[in-house]
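Asker: Have a look at this prediction, sequence included:
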Amino acid sequence: GIQVEQSPPDLILQEGANSTLRCNFSDSVNNLQWFHQNPWGQLINLFYIPSGTKQNGRLSATTVATERYSLLYISSSQTTDSGVYFCAVDILTGGGNKLTFGTGTQLKVEL
Amino acid sequence: EAQVTQNPRYLITVTGKKLTVTCSQNMNHEYMSWYRQDPGLGLRQIYYSMNVEVTDKGDVPEGYKVSRKEKRNFPLILESPSPNQTSLYFCASRHTAGGFTGELFFGEGSRLTVL
């Protein structure tokens, strides 16, 4: 099956720093999403981005489907950005689209 | 407000005592799914449903049952829970129709402990 790898696995930032999280996938995909799991366990949608670039406040994402990767940029990080960031990709199977999650990047933003 | 609602949010039970985790969505989504999340194993799909009366096994279906009698509801049933089903469970839904697949929305999670 498709492999979805995220890097780095762990990241510690000082508040105000910028960072880039990467998601690599091993096959062609129909869709890609980024999620943030906060320290309380809630999974929050960040971006639905099968291709191109989107921005939402301090966060932006770029997916280059032809090269099989997506990047999540966090600028001017805040302590509330802490948590785990997942990417998830959709591939078409006989049973419809199947979503596969990446391994996650654990981010800690310190004061 | 568009949302996926799970209940209970927290539950401690004992081995063998049947339990049901309910899931309801108010977005008229065709697709619903259950995941479990365990440390070091990430999110794994238990069951999913493409529409009413259509359900299918995910990656880890053993020990679970589901039903989809109504479009908005997708309960997860543990007929005889065991300690290895202690986990954080998520219900999710999304729009899928006419070849289009929308973004996935998650419920807030249900933390289950089986003693």
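Answerer: It's in.

Asker: only C-alpha atoms for contact and neighbour calcs from this point on.
Answerer: Fine.

Asker: Just give the number of residues close to residue 65.
Answerer: Just so you know, I chose chain A. If you count neighbours by other CA atoms under 10 Å in any protein chain shown, A:Ala65 ends up with 20.

Asker: Chain B, not that one
Answerer: 16.

Asker: Lowest-scoring secondary structure element of chain B by mean pLDDT?
Answerer: Every helix and strand of chain B was ranked by mean pLDDT, DSSP states H and E. The lowest is strand B:100-101, at a mean of 84.

Asker: Can you tell me which helices and strands that one packs against?
Answerer: Applying 3 or more CA pairs under 8 Å, 6 or more residues apart in numbering or on different chains; DSSP states H and E, one finds that strand B:100-101 contacts no other helix or strand.

Asker: what sits up against it?
Answerer: The contact list for strand B:100-101, computed with CA atoms under 8 Å, 6 or more residues apart in numbering or on different chains, reads A:Asn97, B:Arg94, B:His95.

Asker: After that strand, which helix or strand is next?
Answerer: strand B:105-106 (DSSP states H and E).

Asker: chain center to that next one, what's the gap?
Answerer: 11 Å (CA atoms, centre = their mean, to the nearest Å).

Asker: what about the next helix or strand after that strand and chain A, any contact?
Answerer: Next along the chain after strand B:105-106, taking DSSP H and E as the criterion, comes strand B:110-114. No: with CA under 8 Å from any CA of the partner chain as the criterion, chain A is not reached by strand B:110-114; the gap is at least 9.6 Å.

Asker: so A:Ser51 sits right up against A:Glu67, yeah?
Answerer: No: using CA atoms under 8 Å, A:Ser51 makes no contact with A:Glu67, being 10.7 Å away.

Asker: With neighbour numbers in mind, choose between these two.
Answerer: Comparing A:Ser51 with A:Glu67 by neighbour count (other CA under 10 Å), the higher total belongs to A:Ser51, at 18 against 12.

Asker: With chain B as the reference, measure out to the closest residue to A:Ser75 other than its chain neighbours.
Answerer: Distance criterion CA to CA, 6 or more residues apart in numbering or on different chains; nearest residue to A:Ser75, sequence neighbours excluded, is A:Asn18 at 4.3 Å. A:Asn18 is 26 Å from chain B, where distance means CA to the nearest CA, to the nearest Å.
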